[in-house]
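Peer 1: Sequence and computational prediction follow.
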Amino acid sequence: MGYGTGAIMAVPAHDTRDFAFARAFELPMRCVVEPSDDRGTDTTAWDDAFASYEAKLVNSANAAISLDGLGVTDAKAKITDWLSERGIGEGTVNFRLRDWLFSRQRYWGEPFPIVYDEDGVAHSLPESMLPLELPEVEDYSPRTFDPDDADTSPETPLSRNEDWVNVTLDLGDGRGPRPYRRETNTMPNWAGSCWYELRYLDPHNSEKLVDPEIEQYWMGPREGQPHGGVDLYVGGAEHAVLHLLYARFWSKILFDLGHVSSAEPFHKLYNQGMIQAYVYRDARGFPVPATEVEERDGAFFFEGEPVKRELGKMGKSLKNAVTPDEICAEYGADTLRLYEMAMGPLDVSRPWDTRAVVGQYRLLQRLWRNIVDETTGEATVTDAEPDEATLRALHKAIDGAGGDLAEMRFNTAIAKITELNNHLTKAGGALPREVARSLVLLVAPLAPHIAEELWRKLGHQDSVVHQDFPVADPAYVVDETVTCVVQIKGKVKARLEIPPSISDEELEKLALADEAVVAALGGAGIRKVIVRAPKLVNIVPA
């Protein structure tokens, strides 16, 4: 549904979504890109689609043209040329570059240090006249103009300040004082933000944008990042696209001029999703205050009148904004942080629900009670060794949450920590010190305030932020058994509980001997068995 307007690629062997569709409805699939692994070209034995720009094309020839043996990129070029030669198609390049409207007819924003002489020739101000500051303007509205008079045009707010616009300056070019007119457009807000990552490095430098040595240390080329730049940029799609686009222009100019050592401003981009909220509209379609809407029997009412609910952006115009200060005042900053991260994947837009915030608040309450006696305020940990079940729960949480945090899957990391905390709550009694310490370190990146308090309760004088993340013991991470799925012609026929260390040969024997598998085969011969121990067995009947 997300591809174009619901279109499909129509190459099921080489598109994951089409593959799933074709497999579910037992549609035939032809391999036209030869897999580089050992699966072969028989698609009936495949577990998933194969896609690669490096692989060679097969089954791609007819009387008019053959693409067999070419890589995907070369094949695209050849078929494009073939279509162009016959006048039935042509190649084109699509650019994802937006027009950059840099000048803005408004007051706010950085002024351009440009003046125009009597002949209309533009001159840049000398460094001695920088920085150029905006004047005070009492009335920001542009002066009116006659749309029917070709000799009149709209004027910017700065144009109203005649004393600032029309000046006599000596630009140091040997011509002496001369009359000039200042540029009255201003730069957009993107201008200042295009280089702020550099200014953060050296914010108090009054001589330079950034000290070259400081810029080289933080953003210069290094192993794994030959072009340098900030390691990770996280931002919403709209802001990230616009800011990164313009910041890249800005950065490359500074690089070409020799002011910075990094050819790129940012190394990696991660687009976060948008926090959405419910919008309530009355019979006229106008938004009403979300906080004043009542829910009764699945319907919604504002001042006694029914309203419709829909999901949209969060903002003042839609009267559904939620003030973070209110959440912090009632539940604390850690609860707000946890809730935002637990709402769903970071890169997916998700709806805000104030009522659901309490879930993360209760998690922090249980966490506190697992370590601190609410009567005495002292830690209740012991020096006893944890039992095996607790060790398994702890190290699985460390392994899982650690991997999730590294990949910015905060919601699943919180889920794993919650699972561990619930295990400890059900077990009851004082926590072993080793477990309590690791639990606090797990929570620290996500809820730093309560983690700092608990760290001190455990007797530590230094800050929790200076501690290493706990390391999982592999012996306690491995499951005693895992679930293996057995498929026949792509359809699941059985699930086996097996040890994770089982070999391909042992797993194949168990799968073929399973009663459900035997019944599904119905005495038919077997052409091929694909084993991916310990998770999958795919049987292809003769």
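Peer 2: Thanks, I have it.
Peer 1: Report all helices and strands that the helix or strand containing Ile79 contacts.
Peer 2: Secondary structure from DSSP states H and E places Ile79 in helix 72-85. Helix 72-85 sits against no helix or strand, with contacts defined as 3 or more C-beta pairs under 8 Å, 6 or more residues apart in numbering; DSSP states H and E. C-beta coordinates here come from the backbone N, C-alpha and C atoms, glycine included.
Peer 1: Now find how far off-centre the next helix-or-strand element following it is within its chain.
Peer 2: Downstream of helix 72-85, the next assigned helix or strand under DSSP H and E is strand 114-116. Put simply, strand 114-116 sits 42 Å off its chain's centre (C-alpha atoms, centre = their mean, to the nearest Å).
Peer 1: From the contact counts, what lies against the helix or strand just after strand 114-116?
Peer 2: In the C-terminal direction, the helix or strand that comes right after strand 114-116 (DSSP H and E) is strand 122-124. On a contact count with 3+ C-beta pairs under 8 Å, 6+ apart, strand 122-124 meets strand 114-116.
Peer 1: residues in contact with the strand it packs on?
Peer 2: 122-125, 167, 169, 171, 180-183 (C-beta atoms under 8 Å, 6 or more residues apart in numbering).
Peer 1: do that again at 10 Å, thanks
Peer 2: 121-125, 129, 132, 165-167, 169, 171, 178-183, 185 (C-beta atoms under 10 Å, 6 or more residues apart in numbering).
Peer 1: ok, back up a step: list the buried ones in the helix holding Ile79?
Peer 2: 72, 75, 79 (16 or more other C-beta atoms under 10 Å).
Peer 1: any idea of the mean pLDDT for it?
Peer 2: Taken as a whole, helix 72-85 carries a mean pLDDT of 93.
Peer 1: For Arg309, which residues are in contact?
Peer 2: Per C-beta under 10 Å, 6+ apart, neighbours of Arg309: 278-281, 290, 293, 295, 299-300.
Peer 1: Ala475 too?
Peer 2: Ala475 neighbours (C-beta under 10 Å, 6+ apart): 391-392, 395.
Peer 1: Counting neighbours, which of the residues you listed comes out on top?
Peer 2: His395 (21 neighbours; other C-beta atoms under 10 Å).
Peer 1: Could you measure from it over to Leu454?
Peer 2: 20 Å (C-beta to C-beta, to the nearest Å).
Peer 1: so where do the helices sit in the stretch 201-350 of the chain?
Peer 2: 212-219, 237-256, 324-331, 333-342 (DSSP state H, counting those that start in this stretch).
Peer 1: which one of these lies closest to Arg23?
Peer 2: helix 237-256 (32.1 Å; C-beta to C-beta).
Peer 1: Now do the buried residues in the closest one.
Peer 2: 240, 242-248, 250-251, 254-255.
Peer 1: Please produce JSON lines containing those, extended by pLDDT and distance to Tyr53.
Peer 2: Shown next, in JSON lines, are those (pLDDT from 0 to 100; distance: C-beta to C-beta, whole Å):
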{"residue": "Ala240", "pLDDT": "70", "distance to Tyr53": "26"}
{"residue": "Leu242", "pLDDT": "72", "distance to Tyr53": "29"}
{"residue": "His243", "pLDDT": "79", "distance to Tyr53": "30"}
{"residue": "Leu244", "pLDDT": "81", "distance to Tyr53": "25"}
{"residue": "Leu245", "pLDDT": "78", "distance to Tyr53": "25"}
{"residue": "Tyr246", "pLDDT": "80", "distance to Tyr53": "30"}
{"residue": "Ala247", "pLDDT": "86", "distance to Tyr53": "29"}
{"residue": "Arg248", "pLDDT": "88", "distance to Tyr53": "25"}
{"residue": "Trp250", "pLDDT": "87", "distance to Tyr53": "32"}
{"residue": "Ser251", "pLDDT": "91", "distance to Tyr53": "29"}
{"residue": "Leu254", "pLDDT": "93", "distance to Tyr53": "34"}
{"residue": "Phe255", "pLDDT": "95", "distance to Tyr53": "30"}
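Peer 1: how far out from the middle of the chain is the helix holding Ile79?
Peer 2: Worked out by C-alpha atoms, centre = their mean, helix 72-85 lies 35 Å from the chain centre.
Peer 1: Equivalent analysis for stretch 463-472, please.
Peer 2: For stretch 463-472, the distance to the chain centre is 25 Å (C-alpha atoms, centre = their mean).
Peer 1: Give me the contacts around that stretch.
Peer 2: 394-403, 405-406, 434, 437-445, 448, 451-456, 458, 460.
Peer 1: Which of those fall in helices?
Peer 2: 394-403, 405-406, 434, 437-443, 448, 451-456 (DSSP state H).
Peer 1: Check the gap between Leu394 and Asp387 for me.
Peer 2: 11 Å.
Peer 1: Thank you kindly, that will do.
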